[in-house]
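Student: Sequence plus the predicted model coming up.
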Amino acid sequence: MYSSFSLPNRYVSIPILAINLFLIHIVSSLNLTNEYLNHKCLVSQGKYKPGSKYEYNLYGLFRDIAKKPYLQVGFSHTTSNTGPDAVTIIFQCRGDSYGSHCRSCAATAVHGYLQRCPGNKGGTIWYDQCFLDVSMINDKAPRKINYENIFSMHNPNDVIGDRESFKKETRDLFYELILKADIPTADGNNFLYYAAGEKKIGRNKLYAMVQCAHDILDCKGCLEWSIKELSKSSDGKQGARVLGTICNIRYELYPFLRN
């Protein structure tokens, strides 16, 4: 059990019947093993009315994130159009969740957003394997670090033994992973922005991962900031994570990723 601490292109017209069928498809595709973590409804962005152009644009993008091209890379940053009814959606799966797992998490996130932020023009919802961010503001790529939508979680159990040594080993592993994540891919057109690893600490084995969204300006800077934030809120805990819409990090004393 974790404790959670929160710090506070195109226009698509979809008939009402198609929207209802879309919702039915989402409900039938839910990944019931994918844990809900947190959400934040952006009340300041206001509400949209049923049948409005904003709603059509929103559901059009929800349909888009389920398409195969997006799920192959596990990331999507899409804007419907320009003007007052523009919608921007950013969606990303955890680095080890791809294919059907990513598709299932996309369905779960859309359904969760519609339930927890009904009618809201903006909001973010996080699950164990993905996050979904909706906004009426077009945050164009490359995005800068957003310190507002970041939260941390930790295992309530403390590390047994030398806590200072454990903290150092954890920090060292994170920095090793940052070096692996913040390097160009083989084609030189992108960055990996994801790395996972493990290391032996006494009788225990430490597992960790780091990940950045594909459209951010400074992956390394975001991950380093998250490591410092983790040390403040999760000092000496057996497991912890920091999540946002820019980057996230996590460590545990048990394997939590797919092979």
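Tutor: Looks like it came in fine.
Student: and the biggest helix by length in the chain, which residues are buried?
Tutor: Counting by DSSP state H, the longest helix found in the chain is helix 163-181. Residues 166-167, 169-170, 173-174, 177-178, 181 are the ones in helix 163-181 that count as buried (16 or more other C-beta atoms under 10 Å). C-beta here means a position set from N, CA and C on the backbone, and glycine is covered the same way.
Student: My read is that residue 146 contacts residue 222, right?
Tutor: No. Taking contacts as C-beta atoms under 8 Å, residue 146 lies outside contact range of residue 222: 9.3 Å.
Student: More neighbours: the two, which one.
Tutor: Higher neighbour count among residue 146 and residue 222: residue 222, with 28 against 15, using other C-beta atoms under 10 Å.
Student: list the contacts for the more buried one?
Tutor: If you count contacts by C-beta atoms under 8 Å, 6 or more residues apart in numbering, residue 222 has them with 145, 212, 216, 244, 246-247.
Student: What is the longest helix of the chain packed up against?
Tutor: Judged by 3 or more C-beta pairs under 8 Å, 6 or more residues apart in numbering; DSSP states H and E, the packing partners of helix 163-181 are strand 194-201, strand 204-212, helix 219-233, strand 247-252.
Student: Return the list of strands paired to the last one, each annotated with direction.
Tutor: By that I understand strand 247-252. strand 204-212 (antiparallel), strand 240-243 (antiparallel) (DSSP bridges).
Student: what's next to that strand, contact-wise?
Tutor: Strand 247-252 is contacted by residues 155, 170, 173-174, 206-213, 216, 219, 222-223, 226-227, 230, 238-242, 256 when judged by C-beta under 8 Å, 6+ apart.
Student: ok so, going back, now distance to residue 120 and mean pLDDT too, for the strands paired with strand 247-252, in a markdown table please.
Tutor: Below are those laid out as a markdown table (distance: least, C-beta to C-beta, whole Å; pLDDT from 0 to 100):
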| stretch | distance to residue 120 | mean pLDDT |
| --- | --- | --- |
| strand 204-212 | 26 | 95 |
| strand 240-243 | 20 | 96 |
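Student: To residue 112, which of those lies closest?
Tutor: Among the strands paired with strand 247-252, strand 240-243 comes nearest to residue 112, with 14.9 Å by C-beta to C-beta.
Student: Could you dump the strands paired with strand 247-252 into JSON lines with distance to residue 73 and mean neighbour count added?
Tutor: Converted to JSON lines, the strands paired with strand 247-252 look like this (distance: least, C-beta to C-beta, whole Å; neighbours: other C-beta atoms under 10 Å):
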{"stretch": "strand 204-212", "distance to residue 73": "13", "mean neighbour count": "22"}
{"stretch": "strand 240-243", "distance to residue 73": "20", "mean neighbour count": "23"}
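Student: Sketch out the low-pLDDT regions of the stretch 151-259 of the chain for me.
Tutor: 184-192, 259 (pLDDT under 70).
Student: Please identify the most buried of the helices and strands packed on helix 163-181.
Tutor: Burial of the helices and strands packed on helix 163-181 is given as mean neighbour count (mean count of other C-beta atoms under 10 Å); strand 247-252 ranks first at a mean of 24.
Student: how distant is it from the center of its chain?
Tutor: Offset of strand 247-252 from its chain centre (C-alpha atoms, centre = their mean, to the nearest Å): 11 Å.
Student: Then stretch 150-170?
Tutor: With C-alpha atoms, centre = their mean, you get 22 Å for stretch 150-170.
Student: For this protein, which segments count as strands?
Tutor: 3-6, 36-41, 75-79, 88-93, 123-127, 130-135, 151-154, 194-201, 204-212, 240-243, 247-252 (DSSP state E).
Student: Among the ones you listed, which comes closest to residue 116?
Tutor: strand 36-41 (4.9 Å).
Student: What strands flank that closest one, and is each parallel or antiparallel?
Tutor: The pairing partners recorded for strand 36-41 under DSSP bridges are strand 123-127 (antiparallel).
Student: ok, and what's touching the partner strand?
Tutor: By C-beta under 8 Å, 6+ apart, the surrounding residues in contact with strand 123-127 are 34-42, 105, 108-109, 112-113, 116-117, 131-134, 149, 151, 243, 245.
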